[in-house]
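Trainee: What would the 3D arrangement of this be:
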Amino acid sequence: MPAETFTPEETRALAPYFTNTDRQVFALTNLPETVKGALFARYSRSAKSLRRLFLDEFLGAVQPAPQTAGSGGVGSERADKLYAKVLNEYGDDSVAQLGGAHLACEGVSNVLTKVLEWGRLMAYLEQSTRYVPYTDRPDGRWKYHVPAELDGSPLRERFVRTLDRAFETYARWIPAMEAHFRAKYPKSPEDSDGVYRSVIRAKALDTLRGLLPAATQSNVGLFGTGQAFEALLLRMLANPLEEVRAHAALMLRELGQVIPAFVARVDQPNRGGRWIEYLAETRRAFDAAARRVLAPHAAGHRPEVVLSDFDPDGETKVVAAALYAASSLPDDQLLAIARTMPPDERAALLRTYVGTRANRRHKPGRAFERTGYRFDLLADYGAFRDLQRHRLLTLEWQPLGTRHGYNEPAAVEDAGALDDWRAVMDESAELYEALMSAGLADVAPYGVVMAYRVRFYMEMNAREAMHVIELRTAPQGHPAYRRICQQMHRAIADVAGHRAIAAAMQFADHSEVELERLQQERAMEKKRRG
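Mentor: Numbering: from 1, shown residues only. Next comes the predicted model:
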């Protein structure tokens, strides 16, 4: 079908708002996000082309378009009304997927970052503890959040004193840890001073990050649709923590300036208000019920990685799913055929389905989504922070505490930091117990340092498991999560018995690596020189 044609006058009117006026594929420019959403909302319910719809129904509200893209144009008020009309008349929440916003949240605790990064349908970038040393002291204070819940409490002073000592220990040991690694790993003649310095700094910060508390402040960048931001704000406003609720209000105010129609329901008492109340009340009621049920039970010992659930027939089902798109047979018949195949034939079919993968970004098709794995994990909070960012799976965690113990990198003892390290661990545990005893269970995780372990589960299909395992076992990864994902890979092969699926994860790296960032830094320098 040829592209619609426009008169010269119409072409001039359209030009500021569309990347072309004579092709069938085009992008929208110089329009507020709510206008884009409203346009697509009408587009889905109109026989007109999008550009014709714009001329007929939106051009009358156009302000002169600015010369720079992304900063202008159409009056938002009319678009907001149209969006509200579509939503009210049709209940079409999916319209809120058609506009989005970029938002920055700075100086938020690591407790809050986990709330911000919980949703699947958003994109996040978070300040790294690997590349950024937390040694700055703006206004003479270390960069951590003091919960408002402690105002007026005698524990506030203890909280500040304990976290100050943790930060002081962290900052004091960075130069000594760098010196330790320089002595252990002398600079290779092939590496520049810049590469060597970056690798040693990253190794030292990786080793010492366990001294930082969960209250440590970070910066997070978010991009999401209006629908995703609305869901996030509702969850945040129902959260028991004051920091989380306060930031929800700040975010709502800023989003109201760029995508107002998409978040308008959040602070409406009969809409967002009811939703927030439902979330908060349900959480409180279930927490109370769960405490009654679980009170007589104590946690049993478990290794850090347990494959707690899988389908023994999963590999056969993946073969059947792979055959589906290449056949005209029904699903149950394909499954019966796959079950009658010898194991070697099924494995050969899977190898053909996977094909020749040149790198880890080459993924097999959706047949690998036919089976899944549920891993129960016990990892230090630092590793959990990295793994929690994988969102296209099901992940939930238990409250951070100190009762599961902590991880202690071997380099801590080798460098002579063991006494200081354990002093921080002990003080963190004592602060945690004091907060718990004072009835401040929601606040207690802020004072827990990241070396302490948290229990969480990750449930994913085989396709997502391939992505997670291959990415997080890469040589440049942190040793803590590399070890966990290596064990996950072995469990798929040995515990589930899905050896063909595990073999397809050919970029899972089980090597021992001393300087994790070395090869990556060398590659980056080579690119810069090129």
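
Trainee: Quick one: the strands in this structure, in order.
Mentor: 100-109, 122-126, 217-225, 305-310, 372-380, 394-397, 453-461 (DSSP state E).

Trainee: will you turn these into a markdown table that also has mean pLDDT?
Mentor: Formatted as a markdown table, the strands of the chain follow (pLDDT from 0 to 100):
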| stretch | mean pLDDT |
| --- | --- |
| strand 100-109 | 87 |
| strand 122-126 | 86 |
| strand 217-225 | 89 |
| strand 305-310 | 98 |
| strand 372-380 | 98 |
| strand 394-397 | 96 |
| strand 453-461 | 98 |
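
Trainee: just these: most buried one?
Mentor: strand 372-380 (a mean of 22; mean count of other Cβ atoms under 10 Å). The C-beta positions use only the backbone N, C-alpha and C, and glycine is treated the same way.

Trainee: Dump that strand to CSV, keeping only the CA atoms.
Mentor: Coordinates of each C-alpha in strand 372-380 appear next as CSV, following Å, rounded to 0.1, in the frame of the first residue of the first chain:
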residue,chain,number,x,y,z
GLY,A,372,11.5,-23.5,33.8
TYR,A,373,13.6,-23.5,37.0
ARG,A,374,13.1,-22.1,40.5
PHE,A,375,16.3,-21.4,42.4
ASP,A,376,16.3,-20.7,46.1
LEU,A,377,19.4,-18.5,46.7
LEU,A,378,21.3,-17.3,49.7
ALA,A,379,23.8,-14.6,48.7
ASP,A,380,25.4,-11.5,50.1
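
Trainee: Work out the sheet partners of that strand and label each with its direction, please.
Mentor: Strand pairing for strand 372-380, using DSSP bridges, gives strand 305-310 (antiparallel), strand 453-461 (antiparallel).

Trainee: Adding distance to residue 413, write those out as JSON lines.
Mentor: Formatted as JSON lines, the strands paired with strand 372-380 follow (distance: least, Cβ to Cβ, whole Å):
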{"stretch": "strand 305-310", "distance to residue 413": "24"}
{"stretch": "strand 453-461", "distance to residue 413": "19"}
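
Trainee: got the contact list for residue 458?
Mentor: 374, 375, 377, 387, 390, 393, 394, 395, 468 (Cβ atoms under 8 Å, 6 or more residues apart in numbering).

Trainee: repeat that for 10 Å
Mentor: Counting by Cβ atoms under 10 Å, 6 or more residues apart in numbering, residue 458 touches 305, 373-377, 387-388, 390, 393-397, 464-465, 468, 484-485, 488.

Trainee: wouldn't residue 350 be in contact with residue 501 here?
Mentor: Yes. The pair residue 350 / residue 501 is scored as a contact, 7.2 Å apart, by Cβ atoms under 10 Å.

Trainee: The two: which is more packed in?
Mentor: residue 501 (25 against 21; other Cβ atoms under 10 Å).

Trainee: what about that one, distance to residue 282?
Mentor: 37 Å (Cβ to Cβ, to the nearest Å).

Trainee: cool, and residue 394?
Mentor: Applying Cβ to Cβ to residue 394 and residue 282 gives a distance of 19 Å.

Trainee: still on that earlier bit, can you lay out the strands of the chain as CSV showing distance to residue 186?
Mentor: What follows is these, written out as CSV (distance: least, Cβ to Cβ, whole Å):
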stretch, distance to residue 186
strand 100-109, 39
strand 122-126, 33
strand 217-225, 33
strand 305-310, 35
strand 372-380, 29
strand 394-397, 40
strand 453-461, 34
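
Trainee: Show me where the protein dips below the pLDDT cut-off.
Mentor: By pLDDT under 70, the weakly predicted segments of the chain are 1-3, 41, 44-45, 61-80, 82-93.

Trainee: Just give me the residue right at the centre of it.
Mentor: residue 389 (2.6 Å; Cα atoms, centre = their mean).

Trainee: and that residue, what does it touch?
Mentor: Contacts of residue 389 by Cβ under 10 Å, 6+ apart are 113, 114, 117, 124, 125, 126, 395.

Trainee: from those residues, which two are the most distant?
Mentor: 125 and 395 (18.6 Å; Cβ to Cβ).

Trainee: And residue 268, how far from residue 278?
Mentor: On the measure of Cβ to Cβ, residue 268 and residue 278 end up 14 Å apart.

Trainee: ah, wrong one, I meant residue 402
Mentor: Distance from residue 402 to residue 278, by Cβ to Cβ: 33 Å.

Trainee: what does residue 14 give?
Mentor: The value you get for residue 14 to residue 278, if Cβ to Cβ is used, is 45 Å.

Trainee: neighbour count winner among those two?
Mentor: residue 14 (18 against 12).

Trainee: check contacts around the nearest residue in space to residue 238 that is not next to it in sequence.
Mentor: Nearest residue to residue 238, sequence neighbours excluded (Cβ to Cβ, 6 or more residues apart in numbering): residue 279, at 3.6 Å. Contacts for residue 279 (Cβ under 10 Å, 6+ apart) come out as 234, 235, 236, 237, 238, 239.
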